[in-house]
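Participant: Sequence and predicted structure below; questions after.
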Amino acid sequence: MRQRRLMNQINVVPYIDVMLVLLVIFMVTAPMIQSGSVNLPSVDKVPAPPTDAMIVTVKPQGELTLSQTSQAQPKSYNRRDLIGAVQDAVSANPGQPVVIAADKEVKYELVMDVLNDLRNAGVNKVGLQTQIGKASR
C-alpha cells in the first residue's frame, strides 16, 4: 500500500467562495442604505439687524443686490463689483456690518461663496438674515 503525501499548499478556494458571497451581499444591500438627512434648526426669536447694516440680497437666479442702508433702494451688482462696493464702504467705516439676505431657493453653495468673498474683503461683521417663526419641513 502506498502512503499518501502531505499537501504543503493552502487551499484558497473556500476563502474565495466566502469573499464572493460577502461581495454579493454588500452589492445587494448598499443601494438599500438610506442617506442621513440634515434637520436644520429653526429660530423663534431673532434680533433685528442693525439699522445701519448693508444688506446683500441673493436672489434665486443668482442675482446679487446691495442696499447701503435698510431704507435705500437696492442696486444690482455682479460678484466682483459687489465686493468692490462693500470694500469701499468698509474702508470708510471699518465696523460696518453686512447682512446677507438669501432666498430659500438659492443654493447653499452660492450663499457660502458670497459670505467667503465678504470675509476675504475685510468685512468683520457678517450675518445671515432669517425669518422669524418655525421653519417649514
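Facilitator: Cool, got the structure.
Participant: Next, work out how far apart I83 and A121 are.
Facilitator: To A121, I83 is 5 Å away according to C-beta to C-beta, to the nearest Å. C-beta: built from backbone N, CA, C; applies to glycine.
Participant: Sorry, wrong one. I was asking about Q129.
Facilitator: Distance of Q129 to A121, given as C-beta to C-beta: 19 Å.
Participant: If you count contacts, what does the lowest-mean-pLDDT helix or strand in the chain end up packed against?
Facilitator: Every helix and strand in the chain was compared by mean pLDDT, DSSP states H and E; the lowest is strand 126-128, with a mean of 83. With contacts taken as 3 or more C-beta pairs under 8 Å, 6 or more residues apart in numbering; DSSP states H and E, strand 126-128 sits against strand 98-102, helix 108-120.
Participant: residues in contact with the spatially closest residue to I55 that is not a sequence neighbour?
Facilitator: Nearest residue to I55 in three dimensions, chain neighbours excluded: S67, at 4.4 Å (C-beta to C-beta, 6 or more residues apart in numbering). Neighbouring residues of S67 by C-beta atoms under 8 Å, 6 or more residues apart in numbering: M54, I55, T57, Q73, P74, K75.
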